[in-house]
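>>> here's a sequence, model it:
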Amino acid sequence: PERDTALVKLGVADYLQKRTPQAQRYLSTLTVDALEADAERLHYLVLCARRGNDRDAAQANLEELTRRYPDSPWRLRSLVAIADSFLVENQFEVYEPLYRSCYEVFPTDRAASGCHWKVAAGHYLRRAPDAAALLREHLERYPASEDSPAALYFLGRLAQDASDTASARALYGSLRREFPNHYHAELAQDRMTELNASTGADALRPVAFAQPAAATMLRNVAFPERLRARSFEPNAMG
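Numbering: from 1, shown residues only. Next comes the predicted model:
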């Protein structure tokens, strides 16, 4: 296995040095027995084809990788690489199923939350009927995701657009409490001001008046615990 990996790495070295045609020729004719080494070989053939803008070859190698090594992390890397290239071009219909495969087939991988977020955000931007459900699912599946603040904010926007002010206040308020220094928390504060959150019964206890979907989610999402400093004054450790 070590020898097979080393043989593949020779082609990888050419790819990393931008000698793409040379890497592609070498890797396409290389035969190795170790399964992970062969999966890595196919992954770099996907990358070579992508770099050369040969989408047919990239797709063919991805399909071969999927057929032979469906659970390999190299397949996950290839899925993300191809999906990212279509994301840059805003080809939602092409990248959406690729990202979906990432988090459905590899739900515990670190990349899963980012893939799920790109699907959820794409549905939100297009105001798809399932956008709110996907945003809630993101918070429930990946409460520690770096995109959790954005998910809360976009859910608040959807609730506000639907004139569900109690749910919007609950979502914005949760965002302000859980992620007080985040960019989207500042946007949420602006929205709270628009909703005149300091007046009205539902502003005092927003979760109690929120619609069931928002209220249940906010009660059940296990946001990560973090140190909540009372001020920004330096302490003995700082």
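>>> element containing residue 215, please.
In this structure, residue 215 is located in helix 212-220 according to DSSP states H and E.
>>> and that helix, which residues are buried?
214-215, 217-218 (16 or more other C-beta atoms under 10 Å). Backbone N, C-alpha and C define where each C-beta goes, glycine included.
>>> now render the residues you listed as JSON lines, adding distance to residue 187 and pLDDT.
Compiled in JSON lines, the buried residues of helix 212-220 are given as follows (distance: C-beta to C-beta, whole Å; pLDDT from 0 to 100):
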{"residue": "214", "distance to residue 187": "18", "pLDDT": "81"}
{"residue": "215", "distance to residue 187": "22", "pLDDT": "80"}
{"residue": "217", "distance to residue 187": "20", "pLDDT": "84"}
{"residue": "218", "distance to residue 187": "18", "pLDDT": "87"}
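>>> of all pairs in these, which one spans the longest distance?
215 and 217 (7.3 Å; C-beta to C-beta).
>>> contact partners for the spatially most central residue of the chain?
Geometric centre of the chain, nearest residue: residue 114, 1.6 Å, by C-alpha atoms, centre = their mean. Going by C-beta atoms under 8 Å, 6 or more residues apart in numbering, residue 114 touches 145, 147.
>>> quick one: it and residue 233, what's the gap?
Residue 114 sits 35 Å away from residue 233, going by C-beta to C-beta, to the nearest Å.
>>> what's the answer for residue 38, then?
Distance from residue 38 to residue 233, counting by C-beta to C-beta: 57 Å.
>>> between the two, who's got more neighbours?
Between residue 38 and residue 233, counted using other C-beta atoms under 10 Å, the more crowded position is residue 38 (21 against 7).
>>> regarding that one, what is its secondary structure?
helix (DSSP: H, G, I helix; E, B strand; the rest coil).
>>> what residues sit buried inside stretch 13-26?
Going by 16+ other C-beta under 10 Å, stretch 13-26 has these buried residues: 14-15, 20, 23-24, 26.
>>> so for that stretch, first residue to last residue, what's the gap.
11 Å (C-alpha to C-alpha, to the nearest Å).
>>> other residues contacting it?
Contacts to stretch 13-26, defined as C-beta under 8 Å, 6+ apart, come from residues 10-12, 44-45, 47-49, 51-52.
>>> helix, strand, or coil at residue 128?
Reduced to three states with three-state DSSP, the structure at residue 128 is coil.
>>> distance of residue 141 from residue 104?
11 Å.
>>> what of residue 10?
Distance from residue 10 to residue 104, counting by C-beta to C-beta: 34 Å.
>>> again with residue 176
Taken as C-beta to C-beta, the span from residue 176 to residue 104 is 32 Å.
>>> mind listing what's buried along whichever strand or helix holds the residue nearest to the centre of the chain?
Using DSSP H and E, residue 114 maps to helix 112-125. For helix 112-125, a neighbour-count test (16+ other C-beta under 10 Å) marks 112-124 as buried.
>>> next secondary structure element downstream of the host helix or strand of residue 171?
For residue 171, the host element (DSSP H and E) is helix 165-178. Of the helices and strands lying after helix 165-178 in sequence (DSSP H and E), the nearest is helix 183-194.
>>> which residues of the chain fall in helices?
Per DSSP state H, the chain carries helices over the ranges 2-16, 20-29, 35-51, 55-68, 73-88, 92-105, 112-125, 131-141, 148-161, 165-178, 183-194, 201-204, 206-209, 212-220.
>>> for the third one, packing partners?
Same thing as helix 35-51. Using 3 or more C-beta pairs under 8 Å, 6 or more residues apart in numbering; DSSP states H and E, the elements in contact with helix 35-51 are helix 2-16, helix 20-29, helix 55-68, helix 73-88.
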